[in-house]
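Engineer: This is a predicted model, with the sequence first.
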Amino acid sequence: MDTSIEYKLGARGLRSICEAIMVDAMYETPSQAKKSLVIKLDYAKKKIDKFTGILAASA
């Protein structure tokens, strides 16, 4: 959420950040026999860093 505020992205930007964090899991998890998904802070930070890098490059 801090990232969306920092970049003044609003609700759609926040959704994009959530999608950036979860996109790999959305494609990989259904093919596994797991019943739950846990996203840890380190994983989310790596994905957000990638996302903010894309934002910085396009600015």
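Structural biologist: That came in fine, so what should we check first?

Engineer: Is residue 39 part of a helix or strand, or is it coil?
Structural biologist: Of the three states, residue 39 takes coil under DSSP: H, G, I helix; E, B strand; the rest coil.

Engineer: Mind pulling up the pLDDT for it?
Structural biologist: With respect to pLDDT, residue 39 scores 90.

Engineer: Quick check: phi and psi at it.
Structural biologist: Here is the backbone geometry of residue 39 (degrees, to the nearest 10): phi -110, psi 120.

Engineer: wait, what's in contact with it?
Structural biologist: 21-22, 25 (Cβ atoms under 8 Å, 6 or more residues apart in numbering). Every C-beta, even on glycine, is put in place using the N, C-alpha and C of the backbone.

Engineer: Return the residues in contact with residue 11.
Structural biologist: By Cβ under 8 Å, 6+ apart, the contact list for residue 11 is empty.

Engineer: That one: which element?
Structural biologist: Using DSSP states H and E, residue 11 sits within helix 10-28.

Engineer: wait, what's in contact with residue 21?
Structural biologist: 39, 43-44, 47-48, 51 are the contacts of residue 21 under Cβ under 8 Å, 6+ apart.
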